[in-house]
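S.K.: turn this into a model:
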Amino acid sequence: QVKLVESGGALVQAGESLRLSCVASERIYAHMAWFRQAPGRRREIVAALHWSGGGTYYADPVEGRFIISRDDNKNTVYLQMNSLEPEDTAVYFCAQSGRYSGAKISSETGYGYWGQGTQVTVSS
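M.R.: Predicted coordinates:
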């Protein structure tokens, strides 16, 4: 059973940067994604990385501000968040697909393993 542990959430001011980390319990051979859920809103995919490392997806609200990356030596996926806005406030979740998934990385239904989430709060 894959275990994912997120960290890095914090309270920051608008315009600042933050980096989230997601450590997997085993080497990553799967799509990885970051989702977020704000109070009263549905969970939404924010960014995703193909298992091969060869493709990324970003939701429109974060395109150009967030960067997803992976460190295979540490079994860790990162989400670098720049120019944060109050609208980015949410609980951020790390998610993993099955190994060598053929699903589109932007498909929200393709992820079956989830972390516990980390809170990001951006003040104006």
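S.K.: show the contacting residues for the residue nearest in space to the middle of the chain.
M.R.: Geometric centre of the chain, nearest residue: residue 34, 1.9 Å, by CA atoms, centre = their mean. Residues in contact with residue 34, defined by CB atoms under 8 Å, 6 or more residues apart in numbering, are 20, 22, 45-48, 66, 68, 77, 79, 92-95. C-beta here means a position set from N, CA and C on the backbone, and glycine is covered the same way.
S.K.: again, only this time at 10 Å
M.R.: Counting by CB atoms under 10 Å, 6 or more residues apart in numbering, residue 34 touches 6, 20, 22, 45-49, 58-59, 62, 66, 68, 77-79, 81, 92-95, 115.
S.K.: buried ones among these?
M.R.: Buried by 16 or more other CB atoms under 10 Å: 6, 20, 22, 45-49, 58-59, 62, 66, 68, 77-79, 81, 92-95, 115, out of those.
S.K.: which members of these are positioned in helices?
M.R.: Residues of the buried ones among the contacts of residue 34 located in helices (DSSP state H): none.
S.K.: distance check, residue 59 against residue 36.
M.R.: Distance of residue 59 to residue 36, given as CB to CB, to the nearest Å: 9 Å.
S.K.: identify the contacts common to those two.
M.R.: Taking CB under 10 Å, 6+ apart as the criterion, residue 59 and residue 36 both touch 44-47.
S.K.: make CSV out of those residues and add distance to residue 108 and pLDDT.
M.R.: CSV is the format used below for these (distance: CB to CB, whole Å; pLDDT from 0 to 100):
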residue, distance to residue 108, pLDDT
44, 8, 97
45, 5, 97
46, 11, 98
47, 12, 98
